[in-house]
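[1] Predicted structure and sequence below. I'll ask about it afterward.
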Amino acid sequence: MISQKKNVLMTLTPVGDKSSRDFMETFYENWLYPDDPEKKWFDGAKKKTRSPAEALHQTRLEFIHDKKPVQEWAPYVLVGK
């Protein structure tokens, strides 16, 4: 039997529409396209997948690196089995 993990990415406080869209687009890019050489974090290592937790961590690092306000990236948490 194959186990599928189910996760929910949510915020603990309200987040604006534009910043939410930007965060989620970046999160999905980090999760679904982990070996994109266009990304500034690309280290040359080919990865087929990245876990949602790794993608969330990478997204936060990108927002911190780009000096985005803490209110745009800190409220996001990943909850799952």
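    Ah, there it is. Numbering: from 1, shown residues only.
[2] which sections of this protein are below the confidence cut-off?
    Low-confidence segments of the chain (pLDDT under 70): 1-4, 36-48.
[3] residue ranges of the helices in it, please?
    With DSSP state H, the ranges of helices along the chain come out as 17-32, 52-65, 70-73.
[4] what's in contact with the first one?
    The contact list for helix 17-32, computed with Cβ atoms under 8 Å, 6 or more residues apart in numbering, reads 9, 11, 15, 36, 39, 50-52, 54-56, 58-59, 62-63, 68, 71-73, 76. C-beta: built from backbone N, CA, C; applies to glycine.
[5] now the residues you listed: which count as buried?
    9, 15, 50, 52, 55-56, 58-59, 62-63, 68, 72-73, 76 (16 or more other Cβ atoms under 10 Å).
[6] can you redo these as TSV with distance to Met24?
    Formatted as TSV, the buried ones among the contacts of helix 17-32 follow (distance: Cβ to Cβ, whole Å):
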residue	distance to Met24
Leu9	8
Val15	10
Arg50	15
Pro52	12
Ala55	11
Leu56	11
Gln58	14
Thr59	9
Glu62	13
Phe63	12
Lys68	14
Glu72	11
Trp73	11
Tyr76	9
